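Peer 1: any chance you can model this:
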Amino acid sequence: MKAEIRKEDLNSPKLSWLCVEPMLLSVRGQSLEAKKEVYLQLNEGQQALYLFYSYHNHTRSLAEFYWFSAYNIIDLQSWNGIRKGLRFFHLVELIHVLDDIEVLITDVKKSGETWQEVSPTDLEHNPQLLQRIEPLYAAYQKASQEAITTMNEWVLQHQEMFLDVKEGL
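Peer 2: Below you'll find the predicted structure:
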């Protein structure tokens with residue numbers, strides 16, 4: 001399952017996103033089972049992009065970043081899959097940032113033997129948490145932009161894994 005793109009899109013700064021955009025949009029709002037079914041039809045590189053963008057596209061604000069990180073770690077349990085995908089592209093810096101995020105979420109949300117409820121409003125009510133998450137968010141923004149550049153370059157060098165390039169779609 002490859003994404004169809006126009007030849008001129010090969011130079012897009014969103015190239016790696018274009019590789020999985022149709023797959024992710026096709027399962028938007030659907031069950032986790034439907035999302036998993038699409039995921040399992042992808043090759044390793046596509047799976048890496050699929051998990052990265054399923055997370056990254058939900059990190060547009062500090063609160064969203066905090067909540068969606070916790071959601072991926074606690075509820076979806078997809079954090080290891082996201083890191084595995086980043087290893088596919090040798091994105092060590094971003095993996096380290098995700099490791100730091102996991103430590104923070106684990107430290108903050110673990111109470112005894114049970115997970116506390118996670119909410120985007122946690123940041124409004126907990127100045128210490130806000131102070132700890134802000135530098136992680138800044139590090140994530142920087143590392144993720146560098147990662148996207150690396151993934152775009154990788155896709156360009158391995159188009160056959162990801163793309164069906166068409167002349168003027």
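Peer 1: any idea which residue sits dead centre in this protein?
Peer 2: Nearest to the mean C-alpha position of the chain, by Cα atoms, centre = their mean, lies Phe52 at 2.6 Å.
Peer 1: how close does the closest residue to His158 other than its chain neighbours get to Leu129?
Peer 2: The shortest distance from His158 to any non-neighbouring residue, by Cβ to Cβ, 6 or more residues apart in numbering, is to Gly45 (6.9 Å). C-beta coordinates here come from the backbone N, C-alpha and C atoms, glycine included. From Gly45 across to Leu129, the span is 35 Å (Cβ to Cβ, to the nearest Å).
Peer 1: again with Leu104
Peer 2: Counting by Cβ to Cβ - Leu104 and Leu129 are separated by 8 Å.
Peer 1: correct me if wrong: the residue nearest to His158 contacts Leu86.
Peer 2: No. Counting by Cβ atoms under 8 Å, Gly45 sits too far from Leu86 to count as a contact (11.9 Å).
Peer 1: which one of the two is surrounded by more residues?
Peer 2: Between Gly45 and Leu86, counting by other Cβ atoms under 10 Å, Leu86 is the more crowded of the two (25 against 20).
Peer 1: Provide a list of residues in contact with that one.
Peer 2: Ala48, Phe52, Leu94, Ile95, Leu98, Ala147 (Cβ atoms under 8 Å, 6 or more residues apart in numbering).
Peer 1: now Leu76
Peer 2: With Cβ under 8 Å, 6+ apart, Leu76 has these contacts: Leu32.
Peer 1: next SSE after the helix-or-strand element of the chain with minimal mean pLDDT?
Peer 2: Lowest by mean pLDDT, DSSP states H and E among the helices and strands of the chain is strand 114-115, with a mean of 52. The C-terminal neighbour of strand 114-115 among helices and strands, as given by DSSP states H and E, is helix 122-125.
Peer 1: can you give me the buried ones in the longest helix along the chain?
Peer 2: Counting by DSSP state H, the longest helix found in the chain is helix 127-157. Neighbour-count burial for helix 127-157 flags 129, 132-133, 136-137, 139-140, 143-144, 147-148, 150-152, 154-155 (criterion: 16 or more other Cβ atoms under 10 Å).
Peer 1: ok so, going back, which helix or which strand is home to the residue nearest to the centre of the chain?
Peer 2: Using DSSP H and E, Phe52 falls within helix 44-56.
Peer 1: buried sites along the next helix-or-strand element following that helix?
Peer 2: Using DSSP H and E, the helix or strand that follows helix 44-56 in sequence is helix 62-70. For helix 62-70, a neighbour-count test (16+ other Cβ under 10 Å) marks Leu62, Ala63, Phe65, Tyr66, Trp67, Phe68, Ser69, Ala70 as buried.
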